[in-house]
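Asker: Got a sequence here, can you build the structure:
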Amino acid sequence: MIAKSLINHNLSALRTTDTVEAAIAFMMQMGVTELPIIENKKVYNYARLAQLSQLPKNQNLDEAVPRHPYPAVATETNHLYELIPLLAANDLSNLAVCNNQGEFIGVVEQKLINNYIADSLTYKGLGAILVLHLDGKDYAPSLLSRLVEENGAKILGLVIRNGEDGKLWVNMKINTTLAKPIVASLKRYSIQVENVFLAEDHDGSSDKEYDIIMRFFDI
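Answerer: Numbering: from 1, shown residues only. Model (predicted):
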């Protein structure tokens with residue numbers, strides 16, 4: 001899933017020639033808190049609703065918002081997982097996408113990315129989610145794949161994040177709800193399994209587990 005295929009064609013960028021008043025009205029109409037500003041097909045900066053509301057309404061955006069030398073943008077071929085740190089690092093909920101020439105081609109919304117992650121990792125009935133906690137030096141996707149496949153299953157997706165202790169949290173979605181044999185195989189290789197969600201052979205309420213995993217991913 002790449003950035004170009006995630007573009008929301010109902011959203012458009014603002015122009016440097018737009019007034020603050022027009023920009024605020026458009027953003028409120030579209031229900032967004034920020035949008036990229038473009039000039040000559042290049043991303044100029046981002047307009048944020050909270051910032052604009054404090055500025056003179058008759059100013060043009062190029063007067064009200066300074067040009068950013070390195071605005072946050074995604075290339076059209078960036079993978080979905082590459083967009084998440086870009087959004088987080090720049091405190092954005094909408095991200096400009098540019099082609100190989102650096103020209104603006106559209107906007108990707110964070111909520112759409114969240115929906116894809118939720119669908120792929122947490123949809124009920126499609127398989128269990130195993131939350132692993134391990135040192136970065138011990139993380140080997142090939143080993144995880146082999147251990148899962150030895151038990152007749154496959155990995156459907158991985159989401160990895162850094163923990164405060166310097167270790168990795170690896171959230172692994174598998175295509176079966178029978179997780180016990182896989183957990184046993186992982187433990188034989190001293191891979192710490194912190195939690196198991198949405199597995200029929202694991203104690204706990206599936207509804208409760210679904211709520212927990214949604215909060216875990218902050219989706």
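Asker: Now do Asn94 against Val73, distance only.
Answerer: With distances taken as C-beta to C-beta, to the nearest Å, Asn94 is found 12 Å from Val73. Every C-beta, even on glycine, is put in place using the N, C-alpha and C of the backbone.
Asker: Between the two, which has more neighbouring residues?
Answerer: The residue with the greater number of neighbours, taking Asn94 and Val73 and applying other C-beta atoms under 10 Å, is Asn94; the counts read 22 against 18.
Asker: end-to-end on stretch 85-93?
Answerer: As for stretch 85-93, its first-to-last residue distance stands at 11 Å under the measure C-alpha to C-alpha, to the nearest Å.
Asker: same question, stretch 59-79
Answerer: Taking C-alpha to C-alpha, the span from the opening residue of stretch 59-79 to its closing residue is 37 Å.
Asker: Next, the buried residues of it.
Answerer: For stretch 59-79, burial by neighbour count (16 or more other C-beta atoms under 10 Å) applies to Leu61, Asp62, Ala64, Val65, Pro71, Ala72, Val73, Ala74, Glu76, Asn78.
Asker: Which of these fall in helices?
Answerer: By the criterion of DSSP state H, membership of the buried residues of stretch 59-79 in helices covers Leu61, Asp62, Ala64.
Asker: The helix or strand hosting Trp169: what's the following helix or strand?
Answerer: With the criterion set as DSSP states H and E, the secondary-structure element containing Trp169 is strand 168-174. Remark: after strand 168-174, the chain's next helix or strand is helix 180-188, criterion DSSP H and E.
Asker: Output whichever helix or strand comes after that next one as PDB, nothing but the C-alphas.
Answerer: Of the helices and strands lying after helix 180-188 in sequence (DSSP H and E), the nearest is strand 192-197. Backbone C-alpha positions of strand 192-197 (Å, rounded to 0.1, in the frame of the first residue of the first chain) are rendered in PDB as follows:
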ATOM      1  CA  GLN A 192       9.200 -13.200  25.000                       C
ATOM      2  CA  VAL A 193       5.500 -13.200  24.200                       C
ATOM      3  CA  GLU A 194       3.900 -10.400  26.200                       C
ATOM      4  CA  ASN A 195       0.300 -10.700  25.100                       C
ATOM      5  CA  VAL A 196      -2.000 -12.800  22.800                       C
ATOM      6  CA  PHE A 197      -5.100 -11.200  21.400                       C
END
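Asker: the inter-axis angle of strand 192-197 versus strand 168-174?
Answerer: Put simply, strand 192-197 runs at 40 degrees to strand 168-174, going by axes from the mean of the first three to the mean of the last three C-alpha atoms, to 10 degrees.
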